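[1] Coordinates only, no sequence provided:
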């Protein structure tokens with residue numbers, strides 16, 4: 001029992017040492033936690049300060065001009081077919097209602113979103129020109145070889161296919177928003193008048209008409225409009241250059257038109273041809289000619305017809321009078 005008593009007397013002593021050691025460990029842990037917490041708070045404050053100090057900031061950027069070509073193509077949007085100007089760039093980017101690289105272009109072709117064909121009996125539309133039903137189409141390309149045609153257009157600008165842009169992901173996250181890695185593809189029409197790199201190019205715009213070859217054969221034509229009033233008609237068998245008076249003369253002779261007779265054949269460069277069975281609607285020819293004048297004014301920084309009318313309307317609202325009313329009604 002004394003031994004047992006001795007062991008009993010030693011237990012409180014051992015427990016006390018252990019408790020002190022545990023307390024020291026706990027204190028060390030608390031201290032470490034406090035230090036870590038202070039460091040985290042300091043880091044957060046630093047990050048906050050850095051974030052608040054990040055903007056506004058001065059940066060530099062450079063813009064690389066990439067050559068491109070338009071070709072006629074077709075978008076199949078859920079069974080609705082649209083003739084489009086398809087922008088193709090030297091770095092392999094193609095804008096089929098959304099910019100894609102060459103690997104993703106193959107996907108668009110496989111799904112049928114971009115297509116070189118429209119089935120017989122379907123309706124096709126061309127924005128700001130009209131809509132028609134077609135039969136008896138003859139197409140130059142199919143899903144199997146259309147990619148090769150597009151690649152040939154790229155090779156004409158970039159023979160060695162150098163520096164082609166390919167993206168691993170289609171978008172990147174900046175803040176809380178997703179942005180396309182291809183950027184915003186906005187094709188800018190220009191006219192080159194010289195091979196010299198420092199020669200000023202003319203910036204322009206384009207709309208579409210039809211050129212009549214015979215009473216039953218028509219071509220889809222591009223009208224490329226520039227601020228110096230030079231108009232290039234291309235996308236047809238015999239491209240030509242005219243001015244506004246020359247364009248009006250073509251309209252008066254009915255060689256230039258916005259209408260397709262029923263049964264007529266429409267030829268489309270690099271796509272094929274089809275016969276028209278029905279016209280769903282078409283643009284008014286006189287309005288299209290007037291649009292050309294407005295585009296020339298806009299390219300020269302002058303007000304368009306609609307802008308002038310809106311200004312007069314605003315003036316009439318502020319000061320109603322007969323003179324302004326007659327201008328608006330006329």
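    Nice, thanks for sending it over. Computed from a predicted structure; not experimentally measured.

[2] What residues sit buried inside the helix or strand harbouring residue 72?
    Using DSSP states H and E, residue 72 falls within strand 68-77. For strand 68-77, the neighbour count (16 or more other Cβ atoms under 10 Å) marks 68, 70, 71, 72, 73, 74, 75, 76 as buried. (Glycine included, C-beta is placed from N, CA and C.)

[3] Would you mind checking which of these is nearest to residue 294?
    residue 70 (21.5 Å; Cβ to Cβ).

[4] okay, the closest one: pLDDT?
    With respect to pLDDT, residue 70 scores 96.

[5] Residue 89 is in contact with that one, correct?
    No - Residue 70 lies out of contact with residue 89 (Cβ atoms under 8 Å); the separation is 10.8 Å.

[6] ok, back up a step: mind putting the buried residues of strand 68-77 in TSV, distance to residue 162 included?
    Shown next, in TSV, are the buried residues of strand 68-77 (distance: Cβ to Cβ, whole Å):
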residue	distance to residue 162
68	16
70	22
71	21
72	27
73	25
74	30
75	29
76	32
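
[7] Show me this structure divided up by domain.
    The chain breaks down into these domains under automatic domain parsing: 68-190, 201-299, 304-330.

[8] rank these by mean pLDDT and give me the bottom one.
    Among these, domain 304-330 scores lowest, at a mean of 82.

[9] Go through it and flag the buried ones.
    Result for domain 304-330 [16+ other Cβ under 10 Å]: buried residues 304, 324.

[10] ok, now stretch 201-213?
    204, 205, 206, 207, 208, 209, 210, 211, 212.

[11] mind checking how far it is from the chain centre?
    20 Å (Cα atoms, centre = their mean, to the nearest Å).

[12] Also stretch 242-250?
    31 Å.

[13] Also stretch 221-232?
    22 Å.

[14] do stretch 78-87 as well
    That offset, for stretch 78-87, works out to 14 Å (Cα atoms, centre = their mean).

[15] And stretch 190-205, by the same measure?
    From the chain centre to the centre of stretch 190-205 is a distance of 22 Å (Cα atoms, centre = their mean).

[16] Do me a favour and get the end-to-end distance for it?
    8 Å (Cα to Cα, to the nearest Å).

[17] my guess is residue 203 contacts residue 228, does it?
    No - between residue 203 and residue 228 there is no contact under Cβ under 8 Å: 10.9 Å.

[18] on that earlier part again, need the domains of the chain in a markdown table with distance to residue 32, can you?
    Shown next, in a markdown table, are the domains of the chain (distance: least, Cβ to Cβ, whole Å):
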| stretch | distance to residue 32 |
| --- | --- |
| domain 68-190 | 35 |
| domain 201-299 | 66 |
| domain 304-330 | 71 |
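
[19] wait, which of those domains is closest to residue 61?
    Closest among those, using Cβ to Cβ: domain 68-190, at 12.2 Å.

[20] For the nearest residue to residue 316 once chain neighbours are set aside, give its distance to residue 305.
    Spatially, and ignoring its direct neighbours in sequence, residue 316 is nearest to residue 324 (4.1 Å; Cβ to Cβ, 6 or more residues apart in numbering). According to Cβ to Cβ, to the nearest Å, residue 324 and residue 305 sit 16 Å apart.

[21] which SS class is residue 165?
    coil (DSSP: H, G, I helix; E, B strand; the rest coil).

[22] What's the local residue count around it?
    Neighbour count for residue 165, taken as other Cβ atoms under 10 Å: 15.

[23] Contact partners for it?
    91, 92, 93, 101, 182 (Cβ atoms under 8 Å, 6 or more residues apart in numbering).

[24] Show me where the stretch 151-300 of the chain has its helices.
    244-252, 285-299 (DSSP state H, counting those that start in this stretch).

[25] Could you identify which of the ones you listed is most buried?
    Per residue and on average, the most neighbours among the helices of the stretch 151-300 of the chain fall to helix 285-299, with a mean of 17 (mean count of other Cβ atoms under 10 Å).

[26] got the angle between it and helix 244-252?
    160 degrees (axes from the mean of the first three to the mean of the last three Cα atoms, to 10 degrees).

[27] Give me the contact list for helix 285-299.
    Residues contacting helix 285-299 (Cβ under 8 Å, 6+ apart): 203-205, 207, 209, 223, 225-227, 229, 231, 244, 247-248, 251, 256-259, 303-306.

[28] and the next helix or strand after that helix, what other elements does it pack with?
    Heading C-terminal from helix 285-299, the first helix or strand you meet, by DSSP H and E, is helix 305-318. If you count contacts as 3 or more Cβ pairs under 8 Å, 6 or more residues apart in numbering; DSSP states H and E, helix 305-318 packs onto helix 285-299, helix 322-329.

[29] Residue 147 sits in which helix or strand?
    Secondary structure (DSSP H and E) places residue 147 in helix 146-157.

[30] Give me the buried positions along that helix.
    So for helix 146-157, counting by 16+ other Cβ under 10 Å, buried means 146, 147, 150, 153, 154.

[31] Now do the contacts for the third one.
    Residue 150 is in contact with 71, 88, 94, 105, counting by Cβ under 8 Å, 6+ apart.

[32] now swap in the last one and tell me
    Taking Cβ under 8 Å, 6+ apart as the contact definition, residue 154 lies against 88, 89, 90, 92, 161.
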